[in-house]
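> Can you look at this prediction? I've put the sequence above it.
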2 protein chains.
Amino acid sequence: MSLAFVLLLGCWIQSAATQQQKPNFIIMLMDDMGWGDLGVFGEPSKETPNLDRMASQGMLLPDFYSANPICSPSRASLLSGRLPIRNGFYTTNAHAHDSYTPQDIVGGIPDTEILLPEVLQKLGYRSKIIGKWHLGQQPQYHPLMHGFDEWFGAPNCHFGPFDDKTQPNIPVFRDADMIGRYYEDYLIDKKTGESNLTQIFIQEALTFIEQQANKKPFFLYWAVDATHEPVYASTKFLGKSQRGRYGDAVQELDYGVGQILQKVNELGIANDTLVIFSSDNGGATYAKEMGGNNGPFLCGKQTTFEGGVREPTIAYMPGRIPAGVVSHQLGSLMDLYTTFITLAGGKIPTDRIVDGIDLSPSLFKHAVQERPIFYYRGNELMAVRLRQYKAHFWTWTNGLDEFNKGINFCPGEEIEGVTTHEQMNHTAEPLLFHLGRDPGEKYIIKPSSPEYKQVIQEIMMIADDHRKKLVPGVPQLNMCDESVMNWAPPGCHKIERCLQGPKSKPYKCFWPH
Amino acid sequence: MSLAFVLLLGCWIQSAATQQQKPNFIIMLMDDMGWGDLGVFGEPSKETPNLDRMASQGMLLPDFYSANPICSPSRASLLSGRLPIRNGFYTTNAHAHDSYTPQDIVGGIPDTEILLPEVLQKLGYRSKIIGKWHLGQQPQYHPLMHGFDEWFGAPNCHFGPFDDKTQPNIPVFRDADMIGRYYEDYLIDKKTGESNLTQIFIQEALTFIEQQANKKPFFLYWAVDATHEPVYASTKFLGKSQRGRYGDAVQELDYGVGQILQKVNELGIANDTLVIFSSDNGGATYAKEMGGNNGPFLCGKQTTFEGGVREPTIAYMPGRIPAGVVSHQLGSLMDLYTTFITLAGGKIPTDRIVDGIDLSPSLFKHAVQERPIFYYRGNELMAVRLRQYKAHFWTWTNGLDEFNKGINFCPGEEIEGVTTHEQMNHTAEPLLFHLGRDPGEKYIIKPSSPEYKQVIQEIMMIADDHRKKLVPGVPQLNMCDESVMNWAPPGCHKIERCLQGPKSKPYKCFWPH
Ligand SMILES: [Ca+2]
Ligand SMILES: [Ca+2]
């Protein structure tokens, strides 16, 4: 971040800070968990007693979205309050293709983005991320460079390269330094799914909360990943659920949620702590029985159908948020940016478009603010939701070549003209659905109907306005290079675990979907 | 019923009647409502506050089944405690075809079946059915001939013939006498969906409960039908839900549930009244946006996939059933027969196989009893569930001829080799699914796997034993005859509404599915 910008930032951050007690914030962000994976959202095994209780004591948000159907862009949006197309977490290598941050990615979260912990830090907060970062593994992109004070976790996904020695295993960091690697120091048994990681992540959270309880306000970003393949659970949970290994992982995470809420209550800070539970994208339907359940919604992760982006969301703040209520506010993970900063007494940047809205009226006064939801895949605005209506400008699941290899984002589902394997451009006459009558996006509203004509005009205007005002960020996920992998992460020398990488040889990343 | 049989019946009914307070029973049976139609089962609009509260104060039963995927056989089984193949509510006109009781049906509930209200009557109960009977419209089959003391409602579905004058409109009865007809005296506006019927059914229920509260124990069978097409709601509810007309109907029924529970509580009889909410079959997916939501389950009404027979079930008896618990007991509507009779101090007939089991241990002690679920379609055992495993011996949705006419029981769903349009016989090697890992019946367990080999043997033995002991009832749904229609129902002369029917000309009923 340039100095000029820091000074500018200083101006707006302090100005309207109210002198009230600043609340603590906890985001429990699941990885690839589906909307339908919680008992309270209809999972038939009903194995999430802690989350169901959290909902009965808090607010259920069934119409809550991630900004993107895959990990990295969703997480970049959560922390920047802005769509991936703005914050740079997309690719222009192929139209409307999903992209993320494997360890050969060159890009990462740009310095020009003002992340949530960065703002909170200036407002007096101490922030910790536990788990998966996924906004770039090169040192300049690391959490402590972007406002976090503490980190325990990994820069990339816990999957691959599974100790194959031709590529470095993913490192695990304590703050600025690598302290070990997955499959070497932090074990995940790919075959049995056994790993103690969730237990470690739970303990990290409890310790941080305890340490911060009587100090300055805190922001805990609990980015656990047991429900992302390879799905894992500890011995105590393995084989215990009715849902197989995926369910075991869910049960352990649910247990963790219970532990964290219990800690917050024991410490007497529950009324001052806003806790949000959600997921970064829809259930990975391509993983079949090892993936999440998206309830009545169509398809899953990687797609802009509801199954890809509708997230199981609960807000909890006893005394402030009324117990056991349901809010149909159309919400987004990006809203947490705006909401938290506002509640902390900060101001939202005005030199750029921030997509998140302040959810305080919804959370505390049960109000519903009208706002559209923009569904992006890569560089393309695929769909827009307004109230109960969703218009698809583009439809696509994946290409036939990938599909024929057995990669299916919509297993068992096939809706003619909707779950298309070619990229279909419907911009001239978008496919319109009413998600109230038809949550599964099965029944296209006839373009000749008065309902269509009235609604589509409104949505088209919103989309046009959105496109007109759009200033795309520099795409971060175009270039890959094996030399940028986690060969010698910061701190590796302290534990004598540095590896020698190859020379730089950048290439265009290949994004199949 | 023959005299000899009545005497026999007398013996076992009185024998073990305990002298405890006999509980009241209320069954709220919905029509074509899907498992996923309740907020508590994951309906995204969350528009069933009364049912959700009923669940939070009672027991949720996510693994509860109807005995059949369509109305009449399901209802015959509920009241007889026996599978349709035993009680005669099936057809042999075509293999594995669904059949029911339109008004030209000749058959009905056989006198040899000992219905629940018949047993309860002898145990000192007063029973009322409100709404749809559907066990035969000829006078000898009417509710008051089979143990009910009161009736307000209709013998057949409220649909058709819609006042076309070539066939009689469906009559509405008060006890033994017809008092009017649908579309003439009891209006349903097919176009707008407006009808006051649910309000009438609610009022009937409240009045009956009030009248009985301080008298002898009662059994109320609240068989409302607003969610069966043509879906209807009263003006106060029309257009109010987020789900269109279907949601309006659900909201009005939910309101009714709230009214009934409130009445039971106000009268101080809640602790002595076992209330069961459920549905007669899965959501009618063929009705598209006008049909129910089956949550994560496959297909719907008419099929033996989970969407056809898994029912949204709640049990409520404050003080006896613990609040807010979930029971994974595999349950069946047929179990209500055995459970109610047992709780009333009666004995279950021993001269025949009764399929229902006593659910008391599940309801009151949170026990789980192992038992199989048999999925029938017409005269064929299509599938068996044991614990989490379900084996399909036969698969079929509907024939291609019907499918090509646009009748689709699995809209948007297509699972190769599973949702077949030909009747597929898998008896030699059944298709096995694990409903915990795979509630949507999408992923066939490999026959070569150890898991398959172990489980399938157990299920095959259960199926063989079942088939061996089976004594099929005389099929009631084979013959039709226009002369048996509701031309001149009992009581028609009192209101001068008798019609002249044609001469008897029996023919084989045609069952397309
Ligand atoms: Ca993810
Ligand atoms: Ca029905």
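Here it is on my side, so go on. Ligands and ions are numbered 1, 2, ... in the order given.
> and the lengthiest helix in chain A, does that touch chain B?
The helix that spans the most residues within chain A, counting by DSSP state H, is helix A:244-266. Yes - legend: contact between helix A:244-266 and chain B by CB under 8 Å from any CB of the partner chain is shown at A:244, A:246, A:247. Every C-beta, even on glycine, is put in place using the N, C-alpha and C of the backbone.
> Pull up the gap between the last one and residue B:245, please.
As defined by CB to CB, to the nearest Å, residue A:247 lies at a distance of 36 Å from residue B:245.
> With the second one instead?
Applying CB to CB, one obtains 37 Å for the distance of residue A:246 from residue B:245.
> Write out the residues of chain A neighbouring ligand 1.
Within chain A, the positions near ligand 1 by CB under 5 Å from the ion are A:31, A:32, A:71, A:280, A:281.
> among the residues you listed, who's most crowded?
Sorting the residues of chain A next to ligand 1 by how many neighbours each has (other CB atoms under 10 Å in any protein chain shown) puts residue A:281 first, at 33 neighbours.
> Using the three-state scheme, assign that one.
What DSSP: H, G, I helix; E, B strand; the rest coil gives for residue A:281 is coil.
> Looking at the stretch 101-250 of chain A, which residue is nearest ligand 2?
Ligand 2 sits closest to residue A:242 of the stretch 101-250 of chain A, with a gap of 28.4 Å, by CB to the ion.
> That residue belongs to a helix?
No - if the criterion is three-state DSSP, then residue A:242 is coil and not within a helix.
> for the residue in chain A that ligand 1 sits nearest to, what are its contacts?
When scored by CB to the ion, chain A has residue A:71 as its residue closest to ligand 1, at 3.7 Å. If a contact means CB atoms under 8 Å, 6 or more residues apart in numbering or on different chains, then residue A:71 has A:31, A:32, A:100, A:101, A:132, A:134, A:157, A:228, A:280, A:281 as its contacts.
> phi, psi of it?
Taking degrees, to the nearest 10, you get phi -50, psi -70 for the backbone angles of residue A:71.
> if I look at whatever residue of chain A ends up closest to chain B, how far off is residue B:91?
Ranked by CB to the nearest CB, the top residue of chain A for proximity to chain B is residue A:42, at 1.7 Å. In this structure, residue A:42 and residue B:91 are separated by 34 Å, where distance is defined by CB to CB.
> all helices of chain A, in order?
Per DSSP H, chain A carries helices over the ranges A:3-15, A:49-56, A:71-80, A:84-87, A:116-122, A:197-212, A:244-266, A:306-309, A:334-343, A:360-365, A:400-404, A:450-469.
> between those, which one is nearest to residue B:411?
For those, proximity to residue B:411 was assessed by CB to CB; helix A:306-309 is nearest, at 15.9 Å.
> By mean pLDDT, flag the weakest helix or strand of chain A.
Evaluated with mean pLDDT, DSSP states H and E, the helix-and-strand set of chain A has its lowest mean pLDDT in helix A:3-15, which scores a mean of 38.
> re the thing from before, and the helices of chain A: which comes nearest residue A:219?
Distances from residue A:219 to each of the helices of chain A were compared using CB to CB; the shortest belongs to helix A:116-122, at 5.1 Å.
> So which elements touch the closest one?
Contacting helix A:116-122 under the criterion 3 or more CB pairs under 8 Å, 6 or more residues apart in numbering or on different chains; DSSP states H and E are the following elements: helix A:3-15, helix A:71-80, strand A:126-132, strand A:218-223, helix A:334-343.
> mind redoing it with 10 Å?
The contact analysis (3 or more CB pairs under 10 Å, 6 or more residues apart in numbering or on different chains; DSSP states H and E) places helix A:116-122 against helix A:3-15, strand A:24-30, helix A:71-80, strand A:126-132, strand A:218-223, helix A:334-343.
> Just want the angle from the fifth one to helix A:197-212.
Put simply, strand A:218-223 runs at 180 degrees to helix A:197-212, going by axes from the mean of the first three to the mean of the last three CA atoms, to 10 degrees.
> And strand A:218-223, what does it pack against?
Packed next to strand A:218-223, using 3+ CB pairs under 10 Å, 6+ apart, are strand A:24-30, helix A:71-80, helix A:116-122, strand A:126-132, strand A:150-154, helix A:197-212, helix A:244-266, strand A:273-279.
> Check which strands are paired with the first one and give the direction for each one.
Strand A:24-30 has the following sheet partners, assigned by DSSP bridges: strand A:218-223 (parallel), strand A:273-279 (parallel).
> Nothing else from me, thank you.
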